[in-house]
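> Provide a 3D model corresponding to the input given below.
(chains A, B and C, ligands or ions: 6)
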Amino acid sequence: MPPLLEVKNLRVWFPKERNFFGNPRTWVKAVDDVCLTLRRGETLGLVGESGSGKTTTGFAILRALTPREGSILFCPDGRKTHDLAAMTQKQLRPLRRHMQMIFQDPFSSLNPRMTVQQIVLEPLKVNGEGSAQERKDRVRELLGEAGLSDQFLNRYPHAFSGGQRQRIVIARALALNPSLIVCDEPVSALDVSVQAQILNLMMDLKDKYNLAYLFVAHDLEVVRHIADRVAVMYAGRLVEDGTKKQIFDDPLHPYTRSLLAASPKPDPTGRRSRIVLHGEVPDPSNLPGGCVFHPRCPRAMTCCPEVVPAQTLIDGRNVRCLLYEERYKDCPKLQQTGAAEGKIG
Amino acid sequence: MSETVLEMKEVHVRYDTDDGVVHAVRGVTYSVSLDETLAIVGESGCGKSQSSFAAMGLIQPPGRVPAGEILFREKPGADTVNVLKFHRNSRQMRRLRGGKIAMIFQEPMTALSPVHRIGMHLDEVLCLHTNLGKQERFERACQLLTDVGIPDAEKRYHQYSFEFSGGMRQRIMIAVALACNPRVLFADEPTTGLDVTIQAQILELIKKLQRESRMAVVLITHDLAVVAETADRVAVMYLGRIVELADVDTIFATPKHPYTIALMKSVIGSPLADDGRLQVIRGSVPPPLEHVPGCPFHPRCDSFMPGVCDKVIPEFLPADEKTITACHLYSKKNGN
Amino acid sequence: MTDSSNNSRRDQQSAQSAGETLDVETAAAAPKDMNKVAYYEASQWKLMWRRFRKHKMALWSLHFLIVIYVLFLNCDFFAPNAPDEFHTQRVNMPPQVLYFGFVDGNTLPGFYVHPFIQERHPVTLKRLYSVDETKRVPIRFFVRGRTWRFMGLFETNLHFFGVDKPYTSFLLGSDSLGQDMFSRILYGGRISLLLGLVGVLLTFVLGITLGGISGYYGGRVDMVIQRIAEMLQYVPKIPIWLAMAAAIPKNWTPLTVYFAMTMILACMVWTGLCRVVRGKLLSLREEDYARAAVISGATPARVIFVHLVPNFFSHIIASLTLAIPAMILAETSLSFLGLGLKAPITSWGVLLKEAQRPGAVLNHPWLLLPAVMVILTVLTLNYAGEGLRDAADPYAT
Ligand SMILES: Nc1ncnc2c1ncn2[C@@H]1O[C@H](COP(=O)(O)OP(=O)(O)OP(=O)(O)O)[C@@H](O)[C@H]1O
Ligand SMILES: Nc1ncnc2c1ncn2[C@@H]1O[C@H](COP(=O)(O)OP(=O)(O)OP(=O)(O)O)[C@@H](O)[C@H]1O
Ligand code: SF4
Ligand code: SF4
Ligand SMILES: [Mg+2]
Ligand SMILES: [Mg+2]
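Ligands and ions are numbered 1, 2, ... in the order given. Modelled structure (predicted):
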């Protein structure tokens, strides 16, 4: 059976500057050559720093924007595979029921002019699901699933806190029994105690409905908690992906290592001196040549500024780093001014 | 233990709005000493920022500080002064604010004016709080920029804030805050919204500067991981009150107050959290206009004692030699 | 210590079950003057109204506007005289004072006026009016008079008030032709206010369509529309009006001129609304709820009309309210300059133009009353518009 979702060489570029005729001159390469696989009932954590293209990847998969290149193979029923990237919005409409989204900002993801009932009802209505009465019953059921009482039905979003709004969003996303939910940092705007409530809810629902999540986050601890597999993005590229254990216990890519080392742990006993990564994420409209990470990489080699690393498969995981490519692994170390040595200049 | 620099005693902050009274801070008591980092943690809206604004004289009408004392020791061995005695626009307050009591704000984007070169911000504080000449101020400013890790200080001095990334702007904010060698630095969510790698850089920088220039740091955050990494002591706030205060190891290993216990359990990766399902705190924080009688946490507390917790406000008292907490479970009269 | 571990066990068990359902009642704060559930279930319009009411000036303005719109739109009923009915014997009469008291022959007290006695100055031959305090002319309500059509449907000759013949009522005085100022202000107000309304409706159509196209499609169309809008916004208005007014053929009927005027005005004013609509569409299109609708399979039409338009409709109403004064002022100034409407059509601008004669202001200051009306209407419309604008976003603080 084909996997639920297979993304191949996805590119999303936004025009940055245009010439006189309105044709793009320079591009913001938000997502560049990304390959992902997501199996049924699996949670794939997509991590990376701000601006690394996580949200853009999610939107492109749901075709909330049009990718420039690549294919998005989606197989909701295990039989027919559709290439979402090549379809028009109209052709996509019947497939929409199988994929949904949970957003980062619970305050902008609900239409302030609609009641909870209308909000959760919308996907059902748009897709002509059941009779009016059946739809209403379904809304009650969904709210129950999301842990909200049905006395909230006629309330407007302004009556709810962030966590409760996120529950409404979850109810809406579940309405059509999707098989894939893209979750764009669903808990990062919430307080810790509320985060826990939402994460628990999401894990319960996943088990119950065999959902697959593409879980975008920048909080590594959250991803460690919820994901089965993890993909790490940097400046629009996927630098490493593997199982949770591989990524967290034995990261290969120098960026993954730095990211893990930099992320704080809520445990004072394990306090260690953090390896501080020097420099900042590059501007996606002006990326460095070769390996995009080389100006910050503590292990950069002389070949890194020239050669774009290819995807290398090492015990079932993908890495994009020249250190793991046979041809380049013996290159001499690059002497960088002030590269990450655990010190700030 | 070094000497106490700042001491808050029963500080209150209230806002009388059209829609009702918001009692944002309801009696906050803590002290910080030199070289120490005190973390104030709590959920959004619990009054973390407001309590520090009170110390900076930054509460604007309709807000006011109806009660409390904020004692500040300006020089080692000197007597303390009550900052609340000064009007927020008085000369004394303006001299302290940004000079000896400094603050890094939550939003580095809005705290720097977009129409001024960043050097201007530095020059302004130096001009207000020191009597250096023009050239000396420029040199000091460049030195500060270099200290916070901004290369090419002399060139960067003349650039505008939008030419800097978020992390760089936060560094500039730190430079501005540290310009006059403050004794207390309030860092209000200095790393929220920054990436982990940048966050690590900024926290590391604050620590380094604290060691070098000897000051007390009050770190305000809702991120317990940041607390675990940087704080010496931790104050947990809930609904405008500090519910528990202890050193960082104690509070993570053996929290006392039911809210702290529940909070620690709901944080992924903390020593108390289970690996599988996360523990949650029932219910949600009541809205600011709501009045909760007795212990503010009682509607959500699992150790709730009817007749006591919903009637009497628990006092903020030592539970043992390491922890101070505000819960009837630990007070002598009602403890079982 | 045992104590605390005990607690934590209890803690765990109940927390486990608490994860399943949410038993909280409160989330957002309800303001103290509103019932909680009512607040939670209050629609945006209700919240808007609540916020609007807090703006006292705007509320008063709104009441005032309702009154004058009712008066002016039904001026056939409320005006005692026809606007073009003139009395050569009663030119330039000053306003009459309204009294309340007993009139001979009536058992109940009522409103009355004293008639004027007209004399001529023996030397200058100027007309002089003095009040004849001996006579009381009762004001009668719901009297029969000239016929008019109620909403163009049926004829009636009922009027709100009037006086018995041979007297005439000149509550606000009369002009140099002996026409009743009160009636003329009412009729003039109808034209001026209607022109404002019709003009704004046209603006609305132009602004929404062009702004909508501009904002939703973006790209080159957007650029062209925006450049045109900018041009119209920044060219000096008076020369354009002059040119357009000159282009109106002299032989057009007053009604055609009237419509031409509204068209011209609408063409000048739509740019502001176009920008509002475009800006709102551009920002709302990026809102997650609009995205969520697309992801759920909603058609573009549904996204626009169910999700986007309702969310900026209140802003549009506010902008429109703020656009009416501009229309009224433009009409008034154009007509005043002799470029817009002309007699026999009565508008405030036309009335003011008639007051242009030298000495009019000194000798007959009541001829300036239309200007007072213009100022009052424009001010109240502005207050109401501002109130609406502030209320349009009930969540902003
Ligand atoms: N519509 C757009 N036009 C131009 N550039 C865009 C657009 N959307 C995103 N970008 C750029 O693409 C890059 C990737 O953005 P994206 O939002 O996917 O990052 P992200 O990983 O989700 O970051 P964050 O953690 O901040 O949400 C950013 O540099 C952003 O500026
Ligand atoms: N100007 C104001 N008028 C009315 N209430 C206010 C005002 N400023 C703050 N508050 C209230 O004070 C309370 C505490 O706010 P504060 O900013 O201190 O919270 P915080 O703990 O810093 O939260 P966050 O983590 O979101 O920054 C909030 O409930 C807020 O509603
Ligand atoms: S390719 Fe070179 S620069 Fe890039 S991550 Fe690997 S070692 Fe570092
Ligand atoms: S005082 Fe009572 S309600 Fe408050 S935290 Fe302690 S046990 Fe819970
Ligand atoms: Mg994002
Ligand atoms: Mg704050």
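> okay, now the domains of chain C?
According to automatic domain parsing, chain C comprises the domains C:61-72+C:183-391, C:96-169.
> got a markdown table for those domains, with mean pLDDT and mean neighbour count too?
Yep, even glycine has a C-beta here, placed from its N, CA and C like the rest. A markdown table is the format used below for the domains of chain C (pLDDT from 0 to 100; neighbours: other Cβ atoms under 10 Å in any protein chain shown):
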| stretch | mean pLDDT | mean neighbour count |
| --- | --- | --- |
| domain C:61-72+C:183-391 | 81 | 19 |
| domain C:96-169 | 75 | 13 |
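> closest to ligand 4 out of those domains?
Ligand 4 lies closest, by Cβ to the nearest ligand atom, to one member of the domains of chain C: domain C:61-72+C:183-391, at 36.8 Å.
> okay if I get the domains of chain C as a markdown table plus distance to chain B?
Below are the domains of chain C laid out as a markdown table (distance: least, Cβ to the nearest Cβ, whole Å):
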| stretch | distance to chain B |
| --- | --- |
| domain C:61-72+C:183-391 | 13 |
| domain C:96-169 | 42 |
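> Nearest to ligand 3 among these would be which one?
Going by Cβ to the nearest ligand atom, the one of the domains of chain C nearest ligand 3 is domain C:61-72+C:183-391, 33.8 Å.
> And the helices in the stretch 1-150 of chain B?
Secondary structure of the stretch 1-150 of chain B by DSSP state H, counting those that start in this stretch: the helices cover B:48-56, B:91-96, B:108-111, B:118-129, B:134-147.
> Among those helices, which one carries the weakest average confidence?
Set side by side, the helices of the stretch 1-150 of chain B give their lowest mean pLDDT on helix B:108-111, at a mean of 68.
> Name the SS class of the residue in the stretch 151-300 of chain A that ligand 4 sits nearest to, please.
For the stretch 151-300 of chain A and ligand 4, the shortest gap (Cβ to the nearest ligand atom) falls at A:Ser193, measuring 14.3 Å. The assignment at A:Ser193 comes out as helix when based on DSSP: H, G, I helix; E, B strand; the rest coil.
> That one: how many residues sit nearby?
Neighbour count of A:Ser193, defined by other Cβ atoms under 10 Å in any protein chain shown: 25.
> ok, then the element right after whichever helix in chain B runs longest?
Longest helix in chain B by number of residues, with DSSP state H as the criterion: helix B:196-213. For helix B:196-213, the following helix or strand on the C-terminal side (DSSP states H and E) is strand B:216-221.
> would you list the helices of the stretch 1-150 of chain B in TSV and tack on distance to ligand 4 and mean neighbour count?
What follows is the helices of the stretch 1-150 of chain B, written out as TSV (distance: least, Cβ to the nearest ligand atom, whole Å; neighbours: other Cβ atoms under 10 Å in any protein chain shown):
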stretch	distance to ligand 4	mean neighbour count
helix B:48-56	19	25
helix B:91-96	36	16
helix B:108-111	36	18
helix B:118-129	42	19
helix B:134-147	44	17
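> With distance to B:Leu178 as extra columns, can I get the ones you listed in CSV?
Output for these, formatted as CSV (distance: least, Cβ to Cβ, whole Å):
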stretch, distance to B:Leu178
helix B:48-56, 15
helix B:91-96, 15
helix B:108-111, 14
helix B:118-129, 10
helix B:134-147, 7
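> which stretch among these comes nearest A:Thr312?
Smallest distance to A:Thr312 across these (Cβ to Cβ): 38.7 Å, for helix B:108-111.
> buried set for the longest helix of chain B?
Neighbour-count burial for helix B:196-213 flags B:196-206, B:209-210 (criterion: 16 or more other Cβ atoms under 10 Å in any protein chain shown).
> about what we covered before: looking at the helices of the stretch 1-150 of chain B, spot the one closest to A:Ser52.
Nearest of those to A:Ser52, taken as Cβ to Cβ: helix B:108-111 at 19.7 Å.
> sorry, back to before: out of the domains of chain C, which gets nearest to chain A?
Taking Cβ to the nearest Cβ, domain C:61-72+C:183-391 is the member of those nearest to chain A, at 3.6 Å.
> what about that closest one, near chain A?
Yes - using Cβ under 8 Å from any Cβ of the partner chain, domain C:61-72+C:183-391 reaches chain A at C:219-220, C:223, C:287-289, C:291-300, C:302, C:307, C:310-311.
> Do that domain and ligand 1 come into contact?
No - between domain C:61-72+C:183-391 and ligand 1, judged by Cβ under 6 Å from any ligand atom, nothing touches; the nearest distance is 8.3 Å.
> likewise stretch A:16-35?
Yes - using Cβ under 6 Å from any ligand atom, stretch A:16-35 reaches ligand 1 at A:28, A:30.
> That stretch and chain B in contact?
No - Stretch A:16-35 stays clear of chain B (Cβ under 8 Å from any Cβ), getting no nearer than 15.6 Å.
> can you tell me the average pLDDT over that stretch?
The pLDDT scores in stretch A:16-35 average 80.
> Residues contacting that stretch, please?
A:7-15, A:53, A:56-57, A:60, A:67, A:70, A:233, A:236-238, A:284-285, A:287, A:311, A:318, C:219-220, C:223 (Cβ atoms under 8 Å, 6 or more residues apart in numbering or on different chains).
> what's the first-to-last distance across that stretch?
24 Å (Cα to Cα, to the nearest Å).
> hang on, the earlier thing: quick one, what contacts the residue of the stretch 151-300 of chain A closest to ligand 4?
A:Ser193 neighbours (Cβ under 8 Å, 6+ apart): B:43, B:262-263, B:266, B:280-281.
> can you put those residues in a markdown table and add secondary structure and pLDDT?
Listed next are the contacts of A:Ser193 as a markdown table, based on DSSP: H, G, I helix; E, B strand; the rest coil; pLDDT from 0 to 100:
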| residue | secondary structure | pLDDT |
| --- | --- | --- |
| B:Glu43 | coil | 87 |
| B:Ala262 | helix | 90 |
| B:Leu263 | helix | 90 |
| B:Ser266 | helix | 87 |
| B:Val280 | coil | 83 |
| B:Ile281 | coil | 84 |
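> Show me which of those is closest to ligand 2.
For the contacts of A:Ser193, the minimum distance to ligand 2 (Cβ to the nearest ligand atom) is 7.1 Å, reached by B:Glu43.
> Dump the helices of the stretch 1-150 of chain B to a markdown table, plus distance to chain C.
What follows is the helices of the stretch 1-150 of chain B, written out as a markdown table (distance: least, Cβ to the nearest Cβ, whole Å):
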| stretch | distance to chain C |
| --- | --- |
| helix B:48-56 | 16 |
| helix B:91-96 | 27 |
| helix B:108-111 | 16 |
| helix B:118-129 | 28 |
| helix B:134-147 | 36 |
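> can you tell me which of the ones you listed comes nearest to B:Thr191?
helix B:108-111 (9.9 Å).
> Starting from the longest helix seen in chain C, tell me the next helix or strand along the chain.
Longest helix in chain C by number of residues (criterion: DSSP H): helix C:181-217. Using DSSP H and E, the helix or strand that follows helix C:181-217 towards the C-terminus is helix C:219-234.
> Which positions in the stretch 151-300 of chain B make contact with ligand 2?
B:222, B:288.
> Which residue ranges of the stretch 151-300 of chain B form helices?
Under DSSP H, counting those that start in this stretch, the stretch 151-300 of chain B gives helices at B:153-156, B:166-178, B:196-213, B:224-230, B:248-253, B:258-266.
> and the angle from the longest helix of chain B to helix B:134-147?
Compare the direction of helix B:196-213 with that of helix B:134-147 by axes from the mean of the first three to the mean of the last three Cα atoms, to 10 degrees and you get 130 degrees.
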